[in-house]
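**Student:** Everything below, folded, please.
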Amino acid sequence: AAMLPADIQNQLFHIAEKRESEITSEKLEAKGRMLTFLATVLPLYSYTQDTTASHDSVKNILQYCAEHYTEPISLDIMAQQLHLSKFYISHVFRQRMQIGFTEFINNLRVKNACDLLQKGHCITETAFSSGFTSIRTFNRVFLKETGLSPSEYILRGKPEKF
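**Tutor:** All right, here's what the predicted structure looks like:
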């Protein structure tokens, strides 16, 4: 705090003092002062989004998914491996790709499963090779993504969606 100008130190001190009060009106006053303070200070700092770093992060997320979708994968695992926040990764999927993380992974797994089934692999082998941990989940997700059960897919051939 010693590096801050005296007037800013004083404002922050008063905000902190009111924030610690047991009186509701003083807590609200502290909140109002903080918002006013931020509205004054934030425009003084220029913020430019580093689109290169952001683009690289998205690229790394997608590459990781493409390389590891057949393995157990979660936002926590990915965040740890890529040194990113799981909340950021989730945001990337929802905001930029308009799809949830789990749905994206399941889509990759079903596409892989379709390829394996077309090559004559059995359903059980295909399910586990594609990254699913149970036949029940595989059947449910496969039906949701393709509109066909794995057995129907084998009998009817590849639907237009994939």
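**Student:** Quick one: end-to-end distance for stretch 18-25.
**Tutor:** Chord length of stretch 18-25, first to last residue, is 9 Å (Cα to Cα, to the nearest Å).
**Student:** centre of the chain versus that stretch, how much separation?
**Tutor:** 37 Å (Cα atoms, centre = their mean, to the nearest Å).
**Student:** ok, residues contacting it?
**Tutor:** Stretch 18-25 is contacted from outside by 26, 27, 29, 30, 31, 33, 34, using Cβ atoms under 8 Å, 6 or more residues apart in numbering. From N, CA and C alone the C-beta is placed, and that goes for glycine too.
**Student:** The strand or helix carrying residue 63 - contacts with which helices or strands?
**Tutor:** Element membership of residue 63 [criterion: DSSP states H and E] is helix 51-68. Counting contacts by 3 or more Cβ pairs under 8 Å, 6 or more residues apart in numbering; DSSP states H and E, helix 51-68 is packed against helix 75-82, helix 101-118.
**Student:** one step back: return the members of the contacts of stretch 18-25 classed as buried.
**Tutor:** With neighbours counted using 16 or more other Cβ atoms under 10 Å, those contain these buried positions: 29, 30, 33, 34.
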